[in-house]
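Peer 1: My questions concern the predicted model and sequence given below.
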Amino acid sequence: MPLSSRWKADLFSFLLAGFALLTTSIAPTAAHAADATVHTLIIDTDPGADDVIALLFAMAAPERLKIQALTTVAGNVPLAKTSRNARLAREWAKRPDIPVYAGAPRPLLRTPIYAADVHGSEGITGVKVFEPKQPLAEGNAVDYLIRTLRAAPEKSVTLAMLGPETNLALALTQAPDITRGLRELVLMGGAHFNGGNITPTAEFNVFADPHAAEIVLKSGVPITMLPLDVTHKILTSPDRIAKLRGIGNQAGKTVADILDAYVQHDMQYYGLPGGPVHDATVIAYLLQPSLFKGKQVNVEVDSREGLGFGQTVMDWYGGLKRPANVNWIAEGDAPGFFDLLTQRISRLP
Ligand SMILES: [Ca+2]
């Protein structure tokens, strides 16, 4: 082989190897087998229109997600409304077996903020809200978390977190030993490549209680985060919403009505062709992790006053050489997500 073409061949194989490295560094988060994992699950939530869709989605998968309780926190709207909305979702899914515990009425340190401009003053868009029949469970969500995680077998409980992380931060502060019972935290929160949605740098859940997020991120429990980087790649379309409505059951109509109203704000604000369904990606991840791709990285929260308040400082390239504490999800299969959501919602009343 002439020297120049030998050199070209070497360069080519060098580039190929580099490409292989690049493509494996952002690997599918789990083998296909993880798509059959059965989770003992607690869902911590601040409903919230996308929370309600996530809750319906989760309650439609009883053979995979053994939901022990819903725990509520102030966030998108004040606690009385997030708790009412969680109970509404439970009533719509006809799952009276799942207790709902109300938790923290405000963040640890910062002034409470809400997101009524996105979720409406009742916290659910596009549908009529009412007082559900079944009341809250007795006792506080933080006590429930401590009691349940202490009694649980080691690494047995998955906690899905769809709102500000105040409840778990309080529980971890009072009872650090509860990490033993946790298998994994899967949370919607943070932003890096996408930029923020409540400030240019911060995502709402982290911004609403950055001090709580700091405690959770330093807990040592395995964490998967679904940030705006991925949720803004999984967007509704008129056709996707029509398929949900076309199921013909009440739940499909409810989800479609909520989405039709909910996505308007984001489509207008960001100029997107559809809207993200943030919290529902957490449930999709639990049911079918092979739909997502992520990377183990170091994530810390900026809790200093200023323009970076509530920002997740995510070290994608490992420049800080700090230990990885988060599986940061950066990619997701949008058609796969909507197929899974539609399949599951079709199983509800
Ligand atoms: Ca939420």
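Peer 2: Great, that's in hand. Residues are numbered from 1 along each chain as shown.
Peer 1: Not counting its neighbours along the chain, what's nearest residue 112?
Peer 2: With CB to CB, 6 or more residues apart in numbering as the criterion, residue 112 has its nearest non-adjacent residue at 4.9 Å, and that residue is residue 106. Glycine gets a C-beta too; all of them are placed from N, C-alpha and C.
Peer 1: so who does the residue at minimal distance from the centre of the chain touch?
Peer 2: By CA atoms, centre = their mean, the chain has its centre lying nearest to residue 188, at 2.6 Å. By CB atoms under 8 Å, 6 or more residues apart in numbering, the contact set of residue 188 is 161, 162, 205, 225, 226, 227, 231, 278, 279, 281, 282.
Peer 1: can you tell me which of those residues are in helices?
Peer 2: For the contacts of residue 188, the ones inside helices are 205, 231, 281, 282, with DSSP state H as the criterion.
Peer 1: Next, count neighbours for the third one.
Peer 2: If I follow you right, that is residue 281. Residue neighbour count, defined by other CB atoms under 10 Å, stands at 28 for residue 281.
Peer 1: Just the local confidence number for it, please.
Peer 2: Here the pLDDT value assigned to residue 281 is 98.
Peer 1: so it touches residue 228, yeah?
Peer 2: No - in this structure, residue 281 is not within contact of residue 228 by CB atoms under 8 Å, at 10.4 Å.
Peer 1: At which residues are the strands of the protein located?
Peer 2: 39-45, 65-72, 100-102, 157-161, 182-188, 223-226, 292-297, 299-301, 312-314, 326-332 (DSSP state E).
Peer 1: could you measure residue 107 against residue 162, distance?
Peer 2: Separation of residue 107 from residue 162 (CB to CB, to the nearest Å): 16 Å.
Peer 1: For these two, work out which one has more neighbours and name it.
Peer 2: Neighbour totals were compared for residue 107 and residue 162, and residue 162 leads with 32 against 22 (other CB under 10 Å).
Peer 1: and residue 323, what does it touch?
Peer 2: Contacts for residue 323 (CB under 8 Å, 6+ apart) come out as residue 298.
Peer 1: per-residue pLDDT, it?
Peer 2: pLDDT, residue 323: 97.
Peer 1: What are the phi and psi values at it?
Peer 2: With angles defined as degrees, to the nearest 10, residue 323 sits at phi -60, psi 140.
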